[in-house]
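Q: need coordinates for the following:
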Amino acid sequence: MSDFQDKAQAATAAMRDVFPATPLLRNAHLSDRFGADIWLKREDLSPVRSYKLRGAFNAMRKQSADRFVAASAGNHAQGVAFMCRHFGKKGVIFMPVTTPQQKIQKTRIFGGDAIEIRLIGDYFDDTLRAAQTYCTDQGAHFLSPFDDEDVIEGQASVAVEIEDQLGRIPDHIIIPVGGGGLSAGTLGYFGTDTQYSFVEPLGGACLRAALQAGRPVKLGHVNTFADGAAVGQIGERTFARLKDVGLANALTIPEDRLCTTMLEMLNVEGIVLEPAGALAVDALKDLGQAIRGRTVVCVTSGGNFDFERLPEVKERAQRFSGVKKYFILRLPQRPGALKDFLNVLGPEDDIARFEYLKKSARNFGSVLIGIETTDAANFSSFFAKLETAGFTYQDITDDEVLAQFLI
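A: Numbers count the residues shown, from 1 in each chain. I've put the predicted structure just below:
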């Protein structure tokens, strides 16, 4: 057994005085669907509903500092807050001004009097600089959410528990990737004894970019929808462990497709997952024959989901599945024109949005229309009827610029 494995096991044993192991549960629905023996490592059921408290625990138990500083708008902040209260350490947590109140309140609840929350910066980069400046000025210990050897070692406790609960190392493990702490820890513990799939959101694929460049590189733009894994640059320490995993094992998931899995897990299984927490489950769709008949563990990394976002998740899932579309219609300004349009609708088509964009034209008006249906194939008939009836329209469902301003 390697020195890293010894340390990961020691960290795991120490954690049992603070919180129990998260469950490893076989999922019959996914197993039947994909023809494999699929288990979920439920990090969404930790005391802070993510695995982040593991790395925070291990770093704090090994560091002698009295004051810890974190920069985070989500799970890392909550993990650090929880452990500051446990260890009786002072914590200063920097969060962007734009952080939702729900996340601020949860962080405050976990940390209590042990922490101070400072809201600085509209963007995370501004928040991070403020936190690091504070550490320099005050001599406090900056606790990275992933790029720290003690944090990586602590996150490896997920792998320790999987082996203990399953009774062996799984044939295949699927891990979400943000900054790489969980992935580096799991790879460091299991080594080459299992097959890996490292999964990132398409709009934050910093591991894939680093593998292509041979070094960590900063992404030009990051889509923050899957905020738990939306990282602009993978860590130096984490990439040092992940640099040889191979591009074939680095998967990217479109954010809209991720929403279909979030809804499926909620509606079918009653499991609430945040976007990053659903990455590993969603990746099953891309693995196909590679996992058939094998024992597969998906790490559901977090369940900190604000239900105010549910309408957005449903909207994105419908658009990805092709059962909801938006288009701009040129509607003739004459009596009966609206009735003519309504007659084009099929029995399973519903109007979800109807808004005049321009009312000043003498002969035509531009209308933004959203249509929901039960089967994506219904739109072929719908658009064919529109054209036969002589209507002019533009499908803007996948036009990111127009959708941003109109939908």
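Q: next one: the lengthiest helix in the chain to chain centre, how far?
A: Identified as the longest helix of the chain according to DSSP state H is helix 124-138. Offset of helix 124-138 from its chain centre (Cα atoms, centre = their mean, to the nearest Å): 25 Å.
Q: list the buried residues in it.
A: By neighbour count with 16 or more other Cβ atoms under 10 Å, helix 124-138 contains the buried residues 124, 127-128, 130-131, 134-135. C-beta here means a position set from N, CA and C on the backbone, and glycine is covered the same way.
Q: now the most centrally placed residue in the chain: how far from Ala229?
A: Centroid-nearest residue in the chain, with Cα atoms, centre = their mean: Ala276, separated by 1.8 Å. Distance from Ala276 to Ala229, counting by Cβ to Cβ, to the nearest Å: 4 Å.
Q: which residues do those two both contact?
A: Residues touching both Ala276 and Ala229 by Cβ atoms under 8 Å, 6 or more residues apart in numbering: 176, 178, 201, 301.
Q: closest to Asp193 out of the residues you listed?
A: Ranked by distance to Asp193 (Cβ to Cβ), the shared contacts of Ala276 and Ala229 are led by Pro176 at 20.6 Å.
Q: what lies in contact with the longest helix of the chain?
A: Under Cβ under 8 Å, 6+ apart, the answer for helix 124-138 is 67, 69-71, 73, 92, 94-96, 118, 120-121, 140-142.
Q: which SSE is immediately downstream of that helix?
A: Where DSSP states H and E defines the elements, the next helix or strand beyond helix 124-138 is strand 141-142.
Q: hey, C-alpha coordinates of the helix or strand just after that next one in PDB?
A: Next helix or strand after strand 141-142 toward the C-terminus (DSSP H and E): helix 149-155. C-alpha atoms of helix 149-155 as PDB (Å, rounded to 0.1, in the frame of the first residue of the first chain):
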ATOM      1  CA  GLU A 149      -2.400  18.200  -1.000                       C
ATOM      2  CA  ASP A 150      -4.300  17.900   2.300                       C
ATOM      3  CA  VAL A 151      -7.600  18.600   0.500                       C
ATOM      4  CA  ILE A 152      -6.800  16.000  -2.200                       C
ATOM      5  CA  GLU A 153      -6.000  13.500   0.500                       C
ATOM      6  CA  GLY A 154      -9.300  14.300   2.300                       C
ATOM      7  CA  GLN A 155     -11.300  13.900  -0.900                       C
END
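Q: remind me which residues of this protein are low pLDDT?
A: Residues of the chain meeting the criterion pLDDT under 70: 358-362.
Q: now do the SS call for the residue lying farthest from the centre of it.
A: Among residues of the chain, the one most distant from the C-alpha centroid is Pro335; the distance is 49.1 Å, by Cα atoms, centre = their mean. The three-state assignment at Pro335 reads coil, by DSSP: H, G, I helix; E, B strand; the rest coil.
Q: Arg215 reaches Ala240, doesn't it?
A: No. With contact defined as Cβ atoms under 8 Å, Arg215 does not count as touching Ala240 (10.1 Å).
Q: want to try TSV for the shared contacts of Ala276 and Ala229, with distance to Trp39 as columns?
A: Below are those laid out as TSV (distance: Cβ to Cβ, whole Å):
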residue	distance to Trp39
Pro176	16
Gly178	22
Pro201	23
Ser301	14
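Q: hmm, back to that, got the CA positions of the longest helix of the chain in CSV?
A: These are the backbone C-alpha positions of helix 124-138, laid out as CSV (Å, rounded to 0.1, in the frame of the first residue of the first chain):
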residue,chain,number,x,y,z
PHE,A,124,-15.4,35.1,-8.4
ASP,A,125,-12.0,36.3,-9.6
ASP,A,126,-12.5,39.5,-7.7
THR,A,127,-13.6,37.6,-4.6
LEU,A,128,-10.6,35.3,-4.8
ARG,A,129,-8.1,38.2,-5.1
ALA,A,130,-9.7,39.8,-2.0
ALA,A,131,-9.4,36.5,0.0
GLN,A,132,-5.7,36.1,-1.0
THR,A,133,-4.9,39.7,-0.1
TYR,A,134,-6.5,39.2,3.3
CYS,A,135,-4.3,36.1,3.9
THR,A,136,-1.2,38.1,3.0
ASP,A,137,-2.1,41.0,5.2
GLN,A,138,-3.4,38.9,8.2
